[in-house]
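1. my questions are about this predicted structure, shown below with the sequence.
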Amino acid sequence: MSTITGGRLLGAWGIAFLALLYLPIGLILVYSFNANVVNMMAWEGFTLDWYRSLFGLPTSLGRSANYVQSTATLLAAVRNSLLVAAVATLLSTVVGTCSALALTRHRFRLRPLYQALLVMPMVMPDIVLGIALLVFFVGVGLDLGLHTIVAGHCVFLSSYVFVIVSARLAGIPSDLEEASADLGASPWVTFRRVLLPQLAPGIVGGALLAFIISMDDLVITYFIAGVDSGTLPLYIYGILRRGIKPEINALAMVLLAFSFVVAATGLWLRSRRQ
Amino acid sequence: MSPQRSRSLALAGLLAPGTLLLAGFFLVPLGIMAVYSLLSPGLYGGVEWEFYPFNYGRVLGAPLGDVEEFDPVYGGIFLRSLRLALVTVAVCLLLAYPAAFWVSRLPGQRKPLVLFLVTLPFFASLIIRIYAWMLVLKPTGVLTRAMEALGLSHLAPDLMFTEAAVVIGLCYVLLPFMFLPVYASVEKLDPALSQASADLGATPLQGFLRVTLPLTAPGILAGCLLVFIPALGNFIVPALLGGAKVMLVGNTIEQQFLAARNWPFGAALAMLVLATILLAMLGLALRSRRDAGEDGRA
């Protein structure tokens, strides 16, 4: 009897936990369809105008509520974010995968040290890494811009890819690689023909997750972005510092939908069985 | 070329990119930051290249025998950040621990789906997750409206720009970091063990305290550390939900770099955050080593 009530209580707690995670996000979704231009908290009716204005389509919102100050700034921020995320993901996928291969498939003296060093950037508070990079870039006389953001993102994204690919590698027995080596294949051929086909979903999954983490990073980018290299999270942060505007809702939902689709694909690939 | 030699060449090749990246853009920047924290601030921003230990004295004061530069404001900010980070850890644990048991007892096909749902918000943009709480907590926000609808408008708390708002925001953003490690250790728990303790006459509370809790302790401690670290240095949540009233060490560091332009002092604050975190990690590592030793003897 008491275990049944206990189980029900636990179930209620679990449902409440999931609701807590998703309700606040759901609120933004609801408000993004609100037609009230003056007071966004009061529901006035359903409209798609906020989304239409996001993509530059004609709306009935009136001039006073036209989409944020300028679509050009928003588009530039989106372009910067995509560019940084693409380049940083590509580089850190290579670095993270190489490091994971070295640490899971080789035994060497400095291995524990490397292990600790490779996860440090991920564990360290963002603000510490952000200002360390700022001090460094200014100290060596590099102008801040997209290239400094890419370098900064590579540092912590490599950690994420390293952890994800290592986990995948640990689940792949090395017998096939040993057999391939015994039959005379070079390390490269063994990697390319034997290991890579098994590892590919893990690498692609890790890369997708890295891409989203890069797209969403605010704190580190905040310190190492130049004047003209603002990314999308920086742009949104700037608007929120000045107060809440209904235009943000539609933008937030588009960004969330994008993050969720890419991250869901990444999570699925990461956990897929061979 | 011998296989031995080609293997060590391969290893060197695999380690090279990570070594270059981490040495150049991680270790060297951290080293420069450490050096800056010991230099004197320049008159118009930047640094003077002279040894100046008083950046730390400004926060720590008396222990360094440096009363002149000491400003209790900074020590207070540091303590408040520690306190709010610890409260955040406690609230996250309270929310996530029972939820982890719930997920671990779900039937097979629903479990992966729920796990996926819990993990997904981690990849939602940080700034948007905080924005959601601005909508809830602001004076004319969802919370106030909900209380009005219930006829309880006189009870509606004004939480925006309070410590409570900062803790709520931090918990919401960091919850997945607590849930996942806690879940990992709850999932490994053998139900037969608590059944055995009940058969041997332990009350449910005794069973929980003596069996379940110690067995899930590694996950709890890992989760606490993973929440504590980002909570301590966070400055976006206090900037948006705490306003100027709830200054935390993260905001203070940001100010020193972008407004006050006292880089050495900002670097010293960051070093103190880093030292606190390394201490916490060291304590955890020592504890888990001790536990492993005890298991070995038993």
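-> Here it is on my side, so go on.

2. roughly how far apart are A:S229 and chain B?
-> 16 Å (Cβ to the nearest Cβ, to the nearest Å). (Glycine included, C-beta is placed from N, CA and C.)

3. assign a three-state SS to that residue, would you?
-> Three-state call for A:S229 (DSSP: H, G, I helix; E, B strand; the rest coil): coil.

4. quick check: it touching A:D143?
-> No. Taking Cβ atoms under 8 Å as the definition, A:S229 is not a contact partner of A:D143, at 9.9 Å.

5. and the residue of the stretch 51-200 of chain A closest to chain B?
-> Using Cβ to the nearest Cβ, A:P125 is the residue of the stretch 51-200 of chain A that sits closest to chain B, at 3.2 Å.

6. residues contacting that residue?
-> B:I229, B:P230, B:L232, B:G233, B:N234, B:G250, B:V273, B:L274, B:I277 (Cβ atoms under 8 Å, 6 or more residues apart in numbering or on different chains).

7. quick revisit: of A:S229 and A:D143, who's got more company?
-> Taking neighbours as other Cβ atoms under 10 Å in any protein chain shown, A:S229 and A:D143 compare with A:S229 leading, 21 against 11.

8. who in the stretch 151-298 of chain B is up against chain A?
-> Counting by Cβ under 8 Å from any Cβ of the partner chain, the stretch 151-298 of chain B comes close to chain A at B:172, B:175, B:226, B:229-230, B:232-236, B:239-240, B:250, B:253-254, B:257, B:263, B:266-267, B:270, B:273-274, B:277, B:281.

9. any idea how many residues pack against B:V87?
-> Based on other Cβ under 10 Å, the number of other residues close to B:V87 is 17.

10. sorry, that was for B:T212
-> 18.

11. for it, what are its contacts?
-> Contacts of B:T212 (Cβ under 8 Å, 6+ apart): B:L189, B:S194.

12. on the three-state scheme, it is what?
-> Per three-state DSSP, B:T212 ends up helix.

13. measure it to chain A for me?
-> 13 Å.

14. roughly how far does that residue sit from B:E148?
-> 43 Å (Cβ to Cβ, to the nearest Å).

15. helix, strand, or coil at B:W49?
-> Per three-state DSSP, B:W49 ends up strand.

16. how about it: what's its closest non-neighbour residue?
-> B:L39 (6.3 Å; Cβ to Cβ, 6 or more residues apart in numbering or on different chains).

17. the one you found bridge partners, please.
-> Judged by DSSP bridges, the bridge partners of B:L39 are B:F51.

18. what about it, neighbour count?
-> Using other Cβ under 10 Å, B:L39 is surrounded by 20 other residues.

19. same check on the one 3 residues further on?
-> Using other Cβ under 10 Å, the number of residues around B:G42 comes to 14.

20. now do stretch A:152-163: distance to the chain's middle.
-> 11 Å (Cα atoms, centre = their mean, to the nearest Å).

21. okay, now B:Y172: neighbour count?
-> The burial count for B:Y172: 22, using other Cβ under 10 Å.

22. before we move on, which element is it in?
-> helix B:163-188 (DSSP states H and E).

23. how about the helices in the stretch 1-150 of chain A?
-> With DSSP state H, counting those that start in this stretch, the ranges of helices along the stretch 1-150 of chain A come out as A:2-31, A:49-54, A:71-105, A:111-123, A:126-139, A:146-170.

24. okay, these, which one's buried deepest?
-> Highest mean neighbour count among the helices of the stretch 1-150 of chain A (mean count of other Cβ atoms under 10 Å in any protein chain shown): helix A:126-139, with a mean of 25.

25. in the chain, what spans have low per-residue confidence?
-> Because you didn't say which chain, this covers chain A. Scanning chain A for pLDDT under 70 picks out the ranges A:1-3, A:61-70, A:273-274.

26. you answered for a different chain; I wanted chain B.
-> For chain B (pLDDT under 70), the answer is B:1, B:3, B:45, B:62-69, B:293-298.

27. domain-wise, how is it divided?
-> As given by automatic domain parsing, the domain ranges for chain B are B:32-70+B:262-298, B:83-248.

28. how about these in a markdown table, adding distance to A:S60?
-> What follows is the domains of chain B, written out as a markdown table (distance: least, Cβ to Cβ, whole Å):
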| stretch | distance to A:S60 |
| --- | --- |
| domain B:32-70+B:262-298 | 48 |
| domain B:83-248 | 24 |
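
29. now for the contacts of A:P125: which two are most distant?
-> Greatest spatial distance among the contacts of A:P125 (Cβ to Cβ): B:N234 and B:L274, at 14.5 Å.

30. compare these two and say which is more crowded by neighbours.
-> Ranked by neighbour count (other Cβ under 10 Å), B:N234 and B:L274 place B:N234 first, with 29 against 20.

31. got the phi and psi for the more buried one?
-> Main-chain torsions, B:N234, degrees, to the nearest 10: phi -60, psi 140.

32. got the buried residues for the host helix or strand of B:R80?
-> Using DSSP H and E, B:R80 maps to helix B:72-104. Going by neighbour count (16 or more other Cβ atoms under 10 Å in any protein chain shown), the buried part of helix B:72-104 is B:74, B:77-78, B:80-82, B:84-85, B:87-89, B:91-93, B:95-104.

33. wait, the residue nearest to B:W49 sits on B:P264?
-> Yes. B:L39 lies in contact with B:P264 (Cβ under 8 Å); the separation is 5.0 Å.

34. list the contacts of the residue nearest to B:Y74 when sequence neighbours are not counted.
-> For B:Y74, ignoring the flanking residues on the chain, the nearest one in space by Cβ to Cβ, 6+ apart is B:V59 at 4.4 Å. Going by Cβ under 8 Å, 6+ apart, B:V59 touches B:D71, B:Y74, B:G75, B:F78, B:A268, B:L269, B:L272.

35. got a list of what the fourth one touches?
-> It refers to B:F78. B:V59, B:V249, B:L269, B:L272.

36. show the contacting residues for the residue nearest to the second one when sequence neighbours are not counted.
-> Here the nearest residue to B:V249 in space, its sequence neighbours aside, is B:S81; by Cβ to Cβ, 6+ apart that works out to 4.2 Å. Contact criterion Cβ under 8 Å, 6+ apart gives B:L232, B:L248, B:V249, B:G250 as the residues in contact with B:S81.

37. including neighbour count and distance to B:A192, could those go into CSV?
-> Putting those into CSV (neighbours: other Cβ atoms under 10 Å in any protein chain shown; distance: Cβ to Cβ, whole Å) gives the following:
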residue, neighbour count, distance to B:A192
B:L232, 27, 39
B:L248, 27, 46
B:V249, 28, 46
B:G250, 28, 46
